[in-house]
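>>> this is a predicted model, with the sequence first.
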Number of protein chains: 2
Amino acid sequence: MNPSIEALQAFAEVAARGSFSAAARALGKSQSTLSESVANLEIDLGVRLFDRTGRLPVLTPEGVSLLARTRQVLDSVDVLKRHAAELSIEGVEPRLTLVLSDTFQSTSLERFITLFAERFPDVELEFLFGEEDDVLHLVDEGRAQLGFIAARPHYPATLAHQRLDAESRIGVFAAKSHPLVKAGVTSHPELSRYRELRLGTYLQGGGAGKTGLSWSSPSYLMLLEMTRIGAGWAELPEWLVENYGGDMLQQLDIPGWPRSVRVDMVWSRRSRPGPALAWTLQRLSSGGQHDNAGDDQ
Amino acid sequence: MNPSIEALQAFAEVAARGSFSAAARALGKSQSTLSESVANLEIDLGVRLFDRTGRLPVLTPEGVSLLARTRQVLDSVDVLKRHAAELSIEGVEPRLTLVLSDTFQSTSLERFITLFAERFPDVELEFLFGEEDDVLHLVDEGRAQLGFIAARPHYPATLAHQRLDAESRIGVFAAKSHPLVKAGVTSHPELSRYRELRLGTYLQGGGAGKTGLSWSSPSYLMLLEMTRIGAGWAELPEWLVENYGGDMLQQLDIPGWPRSVRVDMVWSRRSRPGPALAWTLQRLSSGGQHDNAGDDQ
DNA sequence: GTTCATTATCGGTTTTTCCGATGGTATCCA
DNA sequence: TGGATACCATCGGAAAAACCGATAATGAAC
């Protein structure tokens, strides 16, 4: 037989107030209910929880011990109820999936994560990584709710987008030991004689257009790694090279590079953003640093 | 309104089996009960837990999220019930209080603690520290269930005792920088001209008998500390000096010292030892190293 | 000793839980 | 296409539990 949650609440309240009557008043129930409820709980558990010889009930040692576990039960019930209320009344999403791009600097992400954990402790955060078309695809099909992508002029009609303040610089890099560094390559045509390590998405199978000389990976981090070991040259975000490139990479002085790219957030128009997504959009679109940007609702 | 534990069990079971009927069979209830139970839970929480369009119910994203919390509730309920069963059926004590003496080597204690934690995970272990009469007093008045004390020939009639295998050597120590070390004291009468740092219990107020020249503390560790800073000489367990004395103490060569003292366990005769205490007595009295010493019940 | 607050117990009502039966429906197989 | 099967939701009724108000007993305080 399972104890009822009401009985557990009664037990905890009586223990806390030291009196059946006071606990009854606190819980808005009658004294007799509490008395019977606790008595039944004692029968249920097979343990005498209170010493009732005196005027007021006193916890037995067993009662003290079981009270601790009872509180754990009640706490977990509260968590459950609170989360359910968020889901139903406020309509908060059970989880939020973000597709991150290495174009998007991860430093500004740390602040966001801690704030999000405070504001939505019950929402599961899921991170995916992807670049370019993969981002759009994941968001469009609903696998992710929010994506970050190197800004482009046009987006599918089903996607909303917003440009972020931050901009990211993309340069052309090669390992210092790579032949093209010694050869002093300074133009793009020359570059194309060497192997390019380029971003390849999951979507387009085996590189349409550029083939043969180029290798591809869907992750900037793996491109960086391959560049480090001298497998070729690559377009890489500068911040990524600064943080993870060590001293082994050399930025190439090519006309038109490094380029400054802006980052866009994209999300689906198909359904109205839930509270967690809306909050996230607000926070990130206003730059994140000034919190007083009049962002209610 | 609180959800009932039965309903939460039903929810978890349906989610686990993927079918109301299967869950009903598993829980020994009727299918209609489970169906209604979960339906009411959904109303209670205000959240749709299952998608019922197909033949079998499928968890909604919200359901997945709430299922995790529900499992936590059920787990904590299981802990509560298990602990209650131990307390009631097996009569396990809610907590066990030991009075440790620094005479008792703490190395053999570590093994005991880990084994105890395995065998009685729900029993609270409380440690007190005391020496001599304090130990007897705490055990006799029920504040502690088991005490360790330097062996003595007679004990109060209300206390049972058992000699342990291990023996502890007590020597006379002083700081190497203390005058009596340089003076080359070799007999007890000479010693008495210097300040003694002696064990003083909580019981006997301000040192009956030896006064004036002696300072006292109820803890060997504090005596050790005072000896180290050169406040006087003291009788100390050798193992304590070895472990915590550093190189600052000198053992004095006094006739009759160091003494070998045995350690006794003492417990009350007033009530039959509970399972946890009985287990502890068995384990410690047989030395702790050979586990096959025929100790059942 | 009297008064006050507290607890246990008892009858009765309301609510919840549970069951069996029933009907509707998706899935599978002939 | 049609039948068999397993599944689910719903309904009425029975059993159990929760809850209340009233009452009597008891410890504490004055």
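Received the coordinates, thanks.
>>> next one, pLDDT for the residue most central in space within chain A please.
Compute the mean C-alpha point of chain A, and by Cα atoms, centre = their mean the closest residue is A:Leu125, 3.4 Å away. In this model, A:Leu125 is scored at 93, pLDDT.
>>> would you say A:Ser260 is within a strand?
Yes: applying DSSP: H, G, I helix; E, B strand; the rest coil, one finds A:Ser260 inside a strand.
>>> re earlier: list the contacts of the residue nearest to the centre of chain A.
Residues near A:Leu125 by Cβ atoms under 8 Å, 6 or more residues apart in numbering or on different chains: A:95-96, A:98, A:113, A:116-117. From N, CA and C alone the C-beta is placed, and that goes for glycine too.
>>> from DNA strand D, how far out is it?
To DNA strand D, A:Leu125 is 31 Å away according to Cβ to the nearest atom of the strand, to the nearest Å.
>>> of the contacts of A:Leu125, buried ones?
A:95-96, A:98, A:116 (16 or more other Cβ atoms under 10 Å in any protein chain shown).
>>> want to throw the contacts of A:Leu125 into a markdown table with distance to chain B, secondary structure and pLDDT?
As requested, these are exported to a markdown table (distance: Cβ to the nearest Cβ, whole Å; DSSP: H, G, I helix; E, B strand; the rest coil; pLDDT from 0 to 100):
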| residue | distance to chain B | secondary structure | pLDDT |
| --- | --- | --- | --- |
| A:Arg95 | 7 | strand | 93 |
| A:Leu96 | 11 | strand | 96 |
| A:Leu98 | 16 | strand | 94 |
| A:Ile113 | 19 | helix | 92 |
| A:Phe116 | 16 | helix | 96 |
| A:Ala117 | 16 | helix | 94 |
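>>> of those, closest to DNA strand C?
Looking at the contacts of A:Leu125 and their distance to DNA strand C, the nearest is A:Arg95, at 26.1 Å (Cβ to the nearest atom of the strand).
>>> look at the closest residue to the closest one other than its chain neighbours and say how many residues are nearby.
Nearest residue to A:Arg95, sequence neighbours excluded (Cβ to Cβ, 6 or more residues apart in numbering or on different chains): A:Glu124, at 3.7 Å. Using other Cβ atoms under 10 Å in any protein chain shown, A:Glu124 has 15 neighbouring residues.
>>> cool, A:Asn2 as well?
Neighbours of A:Asn2 under the rule other Cβ under 10 Å: 14.
>>> could you pull up the mean pLDDT of the helix ranked longest in chain A?
Counting by DSSP state H, the longest helix found in chain A is helix A:61-85. Helix A:61-85 shows an average pLDDT of 96 in the prediction.
>>> which residues does the residue in the stretch 151-297 of chain A positioned nearest to chain B contact?
Residue of the stretch 151-297 of chain A nearest chain B, by Cβ to the nearest Cβ: A:Gly274 (11.0 Å). Residues near A:Gly274 by Cβ under 8 Å, 6+ apart: A:91-93.
>>> of those, grab the buried ones for ChimeraX.
Listed next is the ChimeraX selection for buried residues among the contacts of A:Gly274, using 16+ other Cβ under 10 Å:
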select /A:92,93
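>>> using pLDDT, spot the least trustworthy of the contacts of A:Gly274.
Out of the contacts of A:Gly274, that is A:Gly91, at 92.
>>> who's in contact with A:Ser88?
Neighbour list for A:Ser88: B:45-47 [criterion: Cβ under 8 Å, 6+ apart].
>>> in chain A, which spans are strands?
A:50-51, A:58-59, A:95-100, A:124-129, A:146-150, A:159-175, A:196-199, A:214-217, A:233-237, A:249-251, A:259-268 (DSSP state E).
>>> confidence-wise, which of those is weakest overall?
With a mean of 84, strand A:214-217 has the lowest mean pLDDT of the strands of chain A.
>>> report the buried residues of that one.
Of the residues in strand A:214-217, A:214, A:216-217 count as buried by neighbour count, 16+ other Cβ under 10 Å.
>>> hmm, who's touching it?
Residues from elsewhere that reach strand A:214-217, judged by Cβ under 8 Å, 6+ apart: A:195-200, A:207, A:223, A:226, A:231-232.
>>> direction included, what does it pair up with?
Paired strands of strand A:214-217, with direction, are strand A:196-199 (parallel) (DSSP bridges).
>>> how close does the residue nearest to the centre of chain A get to A:Arg95?
The gap separating A:Leu125 from A:Arg95 is 7 Å, by Cβ to Cβ, to the nearest Å.
>>> and for A:Ala10?
35 Å.
>>> same deal with A:Thr53?
Distance of A:Thr53 to A:Arg95, given as Cβ to Cβ: 53 Å.
>>> repeat that for A:Arg262.
28 Å.
>>> tell me the contacts of whichever residue of the stretch 101-250 of chain A sits closest to DNA strand D?
DNA strand D sits closest to A:Gly142 of the stretch 101-250 of chain A, with a gap of 24.7 Å, by Cβ to the nearest atom of the strand. Contacts here follow Cβ under 8 Å, 6+ apart; on that basis A:Gly142 touches A:268, A:270.
>>> still on that earlier bit, hmm, the longest helix of chain A in reach of DNA strand D?
No: interface with DNA strand D: helix A:61-85 contributes nothing (Cβ under 7 Å from any atom of the strand), its closest point being 14.3 Å away.
>>> buried ones in that helix, by neighbour count?
Neighbour counts over helix A:61-85 (16+ other Cβ under 10 Å) mark A:62-63, A:65-67, A:69-74, A:76-77, A:80-81, A:83-84 as buried.
>>> contacting residues for A:Gln145?
Contact analysis of A:Gln145 by Cβ under 8 Å, 6+ apart lists A:93, A:96-98, A:139, A:267-268, A:273, A:277.
>>> change it to 6 Å
A:96-97, A:277 (Cβ atoms under 6 Å, 6 or more residues apart in numbering or on different chains).
>>> with A:Glu6 instead?
A:Glu6 makes no contacts at all, as judged by Cβ under 6 Å, 6+ apart.
>>> and it, how far from DNA strand D?
Counting by Cβ to the nearest atom of the strand, the gap from A:Glu6 to DNA strand D is 4 Å.
>>> spell out which parts of the stretch 51-200 of chain A neighbour DNA strand D.
Residues of the stretch 51-200 of chain A found near DNA strand D (Cβ under 7 Å from any atom of the strand) are A:53-55.
>>> what about 6 Å?
Within the stretch 51-200 of chain A, the residues that sit near DNA strand D (Cβ under 6 Å from any atom of the strand) are A:54-55.
>>> tell me which parts of the stretch 51-200 of chain A are close to chain B?
Neighbours of chain B within the stretch 51-200 of chain A, by Cβ under 6 Å from any Cβ of the partner chain: A:61-62, A:65, A:69, A:72-73, A:76-77, A:79-80, A:83-84, A:87-88, A:94.
>>> 10 Å - rerun?
Proximity of the stretch 51-200 of chain A to chain B is confined to A:60-66, A:68-89, A:92-95, A:122-124 under the rule Cβ under 10 Å from any Cβ of the partner chain.
>>> so A:Glu86 touches A:Arg119, yeah?
No: between A:Glu86 and A:Arg119 there is no contact under Cβ atoms under 10 Å: 11.1 Å.
>>> any common contacting residues for those two?
Common neighbours of A:Glu86 and A:Arg119 (criterion: Cβ atoms under 10 Å, 6 or more residues apart in numbering or on different chains): A:275-276.
>>> of the two, which one has the most company?
Using other Cβ under 10 Å as the criterion, A:Glu86 and A:Arg119 rank with A:Glu86 on top: 22 against 13.
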